[in-house]
Each structure stands twice: as C-alpha cells, then as structure tokens.
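Trainee: Curious how this folds, go ahead:
(2 chains)
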Amino acid sequence: MIEKEKSDYTYKILFKPDFGFLNVQIPAGKTLKVEASSMASMDTNISMKTKMKGGLSRLLTGESIFINEFTAENGDGEINIAPGSPGDIEHLYLNGDIIYLQGSAFLASGVNVTTESKFQGLIKGFFSGQSMFLIKCSGTGDLWFNSYGGIIEIDVKGDYVVDTGYILAFTEGLNYEVTKVGGYKSLFFSGEGLVCRFQGQGKVWIQTRQIPPFASFLYPFRPVERTND
Amino acid sequence: MKVEILHRPTNSAAKCILGPNEEVTAEAGAMIAMSADTSITTSTYKKEGGGVLKALKRMLAGESFFLNHFQAGPRGGEVYLATTLLGDMMEFETRGETLIVQAGSYVASEKGVNIDVGWQGFKNLFSGESLFWLKISGQGKFILSSFGMIYPVEVNGAYVVDTGHIVAFEETLNFTIAKSAKGWISSFLSGEGLVCKFEGKGRIYCQSHNPNSFGYKLGPHLRPRR
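Mentor: As a prediction, this is how the structure comes out:
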C-alpha cells in the first residue's frame, strides 16, 4: 500500500503549490536519489555521485539520463531540491508498489526505489502526444514528483478520463487506453484531441497546467527570421 | 452544478461537480479530466450550431469559437477545467443580468446561461486585435479566468481600463473606446494604445496582467521562426 505520511527522511515541501521546493535532511551514511541538475543548495556533509540509472533508454523518456546520488558522509546533511519549472510537488511512500511517472515528473527518491523507462507501445506513446516512455518507479521508499501547475489527485474506481497531456502519474493496476473524446466533430474541434481512459482501481495524479500549450501561446510573438537571398 | 476552484490563484483549476445527467458547457480545450461516463459534444457557440462543414466555415471566417458540452451520466460526475496561462478563476452567477466577457476569459457555464458571440459592440474597433467578446445572459453559474489576478472595480461615474486588462463588465455600463492620451502620437508612444472608458453605474472585472504584453516581453528573446 502506498503511504503518504511515512518517510525514511525528515523532509519539508516548501512554497507549495506554486513554487514547490523540497528540503530533505539526510541522516549520516544515508543516500538520496535526485534528478540531475535539480540540486539547488546543500551543506558540505553531502557528497554527490553521478549514476547512470535506467540505461540509455532514459535519453528517450525526455529525462536527462543521469540521476545523482547524494550521500551524507561526514554526519547528517541537508539538501534543497528545486524542480526545473515552477509548480507543485507530491510525496508518496512505496511499500513494494509501482507508480508510473510521465517523462519529466521524477524529482527524487530513496535509494531502494528503482526507476526504469518503460515503453508505452507505439500507439499509446505516439498518440498521447507525450513521450513514448514512462518512468516506472518500484521498490520500497520515498518518491517525490513534480509538475508544471498544481497537482490534483484522483481516486479511480471504475473509469476515468484524463486529457493525455495532463497525466503526471498513476498507480499500477490501472489499465489505460488512448481514445478520442467524443464523435469525430469533437476530435477536430473540441480542442481536447485524444484522451486517456483509465480503468480499474487506483490513483491518477494530474497537473493543472502544461508546458506545450504555453509554448504555443508564445509562438506568434516570436520574431520572424529575415532571409538574405 | 457545484464549483470548487483549486490551486488558486496561480495554477487554478475548476472542479465542476455535476448532478445526474446535468450539463456544463466549456471553452474548447479546457477539460483536463472527467468522470468516464460523461458524454461530450462539440459545437460552435450555439448548441444547435450545425454540422462539421458549418463549423469549418465559421473557423475560416475567423469566427471560430468552439464549445464542448459535457453531460454527466445517470450517477452524476465531475469535470476538471483549466487554462493555458497562469492565473486565477472566479465563479459567477447571473440571474437575468448581462455581462460582456472577453472571449479568452470564458471557461464554462451552466445550461441556463446564454452565450452570444454575435455581439458586435467592440468588433470594428478591435479589428487586428485578437480580442473578441461574448455576451453572457440568462440564469445560472459560469466560470471566468484571468491572466494574473482578477480585481473588481465598482464604477459610479467614469473609469478607464486598458482593453487588454478587461475580463468582463456589466452591460449597464456605457463604454467608448478612446485614446489613452490626448493626441494619437502620444497615445501610441505611451504603450497604452487603446483604452476603454466606462461610464455609468456597474462593475468591471479586470485582470492584473495583459497576456499580449507578456507575449511581447518574451517574444524577442525567443529564436526567430522561419
């Protein structure tokens, strides 16, 4: 069972929900896994080691290939972790559970949480507009993930529909398929495109904003390149 | 329909809780998640808006404004709605009053609320601008969003608002489009461009930030498009 209160570390998620920022106290001799380039500040008791986790396929998930390991070597240490984009952070404790994360949602975890890329299948990956890979997190320990926007947790009992781009994480045991949202008219004009239909018992975490539509908003404001020919 | 606005004010999303078979209409693209037995139909601003061809024609005519109509299943359900830009959302209710809403601020409305895109009040003056306006009337709840925060202004007399900062205003107000300064040249040099001068008694809802200004701030720093 996934727990929320349990943790192997003393931690605080600061500045929620707009500027989620993770502060973790690492006991002497213990290690924390952190997404590469997310370390914002730390004390000098902590030393960093770069590990290639999940092999080359992590390149394809849109995640950087490296997860760094931070170990408190000379006594207890403190680390502050900042996700690349402003937004929310959520914490879970896995007791042998499996969670699937969207490509860029992984932030940090305990050492006994395994992260690996999982191919979604061509249809699901291609049509979801997201990367073809999910990050599969399993094992026992803490897991922190982050979003652009706020995080909403949804209890799925039976069926639930989520716009593909807003999926952040979901528990194993949920089946999902990518489908169109209504009739063909809706497919082209609803602005929703394709959705993910979850089935079973479990939890889905969604984010309230997405980076690609924000980038699309900015597109018309880009300067037009002059051609010299 | 019961509305809860979550993650205010920056990453706000609206959770619409619907009774059995209850309907909610939302701006195209706003739905982020929903109960699976919710049905969805798409139309132009009027539900009886005709077929795909008619919709396409409207889109080509530059009058595209697509709406999704969600209907909950027999046990009721929920629909989550969100916007592209960061900002707040607010729940409104009309009991026969009319509100003029900047189209980009419209998020959703109950079935009893009429949405009229045909309102031409500002159209000629704003040609070239991407702003267009909806006239909201009828009976029921609706949700509006803003880029930044929403602040209400009670007008009794006269008040001036930059067009990019208007979310909505009550129809009881008279308005004129004016230059921001006395002369045209200083109006444009001031960067304020056109402003809307309201007169009478009523309420205006303004947004703290202007999406276009933000776009123009960021645009020059992005790689040019070919």
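Trainee: wait, isn't B:Tyr159 in contact with B:Val153?
Mentor: Yes. Assessed by C-beta atoms under 8 Å, B:Tyr159 is found in contact with B:Val153 at 6.0 Å. (Glycine included, C-beta is placed from N, CA and C.)
Trainee: Show me which of the two is the more surrounded one.
Mentor: B:Tyr159 (19 against 13; other C-beta atoms under 10 Å in any protein chain shown).
Trainee: tell me which element the more buried one falls in.
Mentor: In the assignment (DSSP states H and E), B:Tyr159 maps to strand B:150-162.
Trainee: low-confidence ranges in chain A?
Mentor: Judged by pLDDT under 70, chain A has its weakly predicted residues at A:51-66, A:119-132, A:183-190, A:193, A:228-229.
Trainee: mind listing the helices for it?
Mentor: All helices of chain A, identified by DSSP state H, fall at A:57-60, A:122-127, A:184-189, A:211-218.
Trainee: one step back: what's the overlap in contacts for B:Tyr159 and B:Val153?
Mentor: B:Ile204 (C-beta atoms under 8 Å, 6 or more residues apart in numbering or on different chains).
Trainee: ok, B:Ile143 touching B:Ala108?
Mentor: Yes. If you go by C-beta under 8 Å, B:Ile143 and B:Ala108 touch, sitting 4.7 Å apart.
Trainee: Mind listing the shared neighbours of the two?
Mentor: B:14, B:16, B:81.
Trainee: Would you mind putting those residues into CSV with secondary structure and distance to B:Phe65 alongside?
Mentor: Putting those into CSV (DSSP: H, G, I helix; E, B strand; the rest coil; distance: C-beta to C-beta, whole Å) gives the following:
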residue, secondary structure, distance to B:Phe65
B:Ala14, strand, 19
B:Cys16, strand, 20
B:Leu81, strand, 16
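Trainee: most neighbours, which of those?
Mentor: B:Leu81 (28 neighbours).
Trainee: what's that residue in contact with, if anything?
Mentor: Taking C-beta under 8 Å, 6+ apart as the test, what B:Leu81 contacts is B:13-14, B:16, B:26-27, B:30-32, B:107-108, B:143.
Trainee: now B:Ser39
Mentor: Contacts of B:Ser39 by C-beta under 8 Å, 6+ apart are A:182, B:70-71, B:73.
Trainee: A:Asp142 now?
Mentor: Counting by C-beta under 8 Å, 6+ apart, A:Asp142 touches A:7-9, A:11, A:91-94, A:108-110, A:113.
Trainee: now stretch B:8-23, how far from the centre of its chain.
Mentor: 16 Å (C-alpha atoms, centre = their mean, to the nearest Å).
Trainee: actually stretch A:158-173, sorry about that
Mentor: Distance, centroid of stretch A:158-173 to centroid of chain: 13 Å (C-alpha atoms, centre = their mean).
Trainee: list the buried ones in it?
Mentor: A:160-171 (16 or more other C-beta atoms under 10 Å in any protein chain shown).
Trainee: near chain B, from these?
Mentor: A:160-163, A:166 (C-beta under 8 Å from any C-beta of the partner chain).
Trainee: who's the closest residue in space to A:Leu134 that isn't next to it in sequence bridged to?
Mentor: Nearest non-adjacent residue to A:Leu134, counting by C-beta to C-beta, 6 or more residues apart in numbering or on different chains: A:Tyr100, 4.5 Å away. Applying DSSP bridges to A:Tyr100 yields these beta-bridge partners: A:Lys136, A:Phe170.
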